[in-house]
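K.L.:
Just need the structure, nothing else, for what follows:
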Amino acid sequence: MLVRDDLKGFVKPPRMPARVIMNNSTISIFMSDNFGDIQFSSNLRDLGADPETDAACFKITNKRNKTSRRLCGM
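P.N.:
Now for the predicted structure:
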């Protein structure tokens, strides 16, 4: 599940289903089967991962452009 911190007006940010695709050099997050719905993409070498206070979640950050997303298990 992708935590949508960018959506305003919610007391708690909604968690939405997302498709995470990873290969040996990149990771990408999509909101649907459509490649135009990409939410995040990064080379694995430029990626940092940090644990969250919620045990089922973690934050990934692209170290080059400082964009980040929070992912949680179902």
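K.L.:
can you map out the strands along this protein?
P.N.:
2-3, 15-16, 19-22, 26-30, 38-43, 47-51, 57-62, 68-72 (DSSP state E).
K.L.:
Any idea how many residues pack against residue 48?
P.N.:
11 (other Cβ atoms under 10 Å). All C-beta spots, glycine's among them, are computed from the backbone N, C-alpha and C.
K.L.:
Okay, the closest residue to it other than its chain neighbours and residue 69: tell me how far apart.
P.N.:
In space, and not counting its chain neighbours, residue 48 is closest to residue 61: 4.6 Å by Cβ to Cβ, 6 or more residues apart in numbering. Distance of residue 61 to residue 69, given as Cβ to Cβ, to the nearest Å: 8 Å.
K.L.:
who has more neighbours, the two?
P.N.:
residue 69 (21 against 17).
K.L.:
Touching, the more buried one and residue 40? I think so.
P.N.:
Yes - with contacts counted by Cβ atoms under 8 Å, residue 69 reaches residue 40, the gap being 4.7 Å.
K.L.:
Can you check which residues contact both of the two?
P.N.:
Jointly contacting residue 69 and residue 40 under the rule Cβ atoms under 8 Å, 6 or more residues apart in numbering are 29, 60.
K.L.:
Return the set of residues that bridge with the residue nearest to residue 48.
P.N.:
residue 48, residue 68 (DSSP bridges).
K.L.:
unless I'm mixing things up, it is touching residue 70, no?
P.N.:
No - counting by Cβ under 8 Å, residue 61 does not reach residue 70; the two are 10.0 Å apart.
K.L.:
So for the helix-or-strand element of the chain with minimal mean pLDDT, what gets flagged as buried?
P.N.:
Scoring the helices and strands of the chain by mean pLDDT, DSSP states H and E places strand 47-51 at the bottom, with a mean of 89. By 16 or more other Cβ atoms under 10 Å, the buried positions in strand 47-51 come out as residue 47.
K.L.:
Let's see it as CSV, backbone CA atoms only.
P.N.:
Provided in CSV are the C-alpha atoms of strand 47-51 (Å, rounded to 0.1, in the frame of the first residue of the first chain):
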residue,chain,number,x,y,z
LEU,A,47,17.8,4.8,-3.0
GLY,A,48,17.7,5.1,0.8
ALA,A,49,15.2,3.1,3.0
ASP,A,50,14.2,4.1,6.5
PRO,A,51,12.0,2.2,8.9
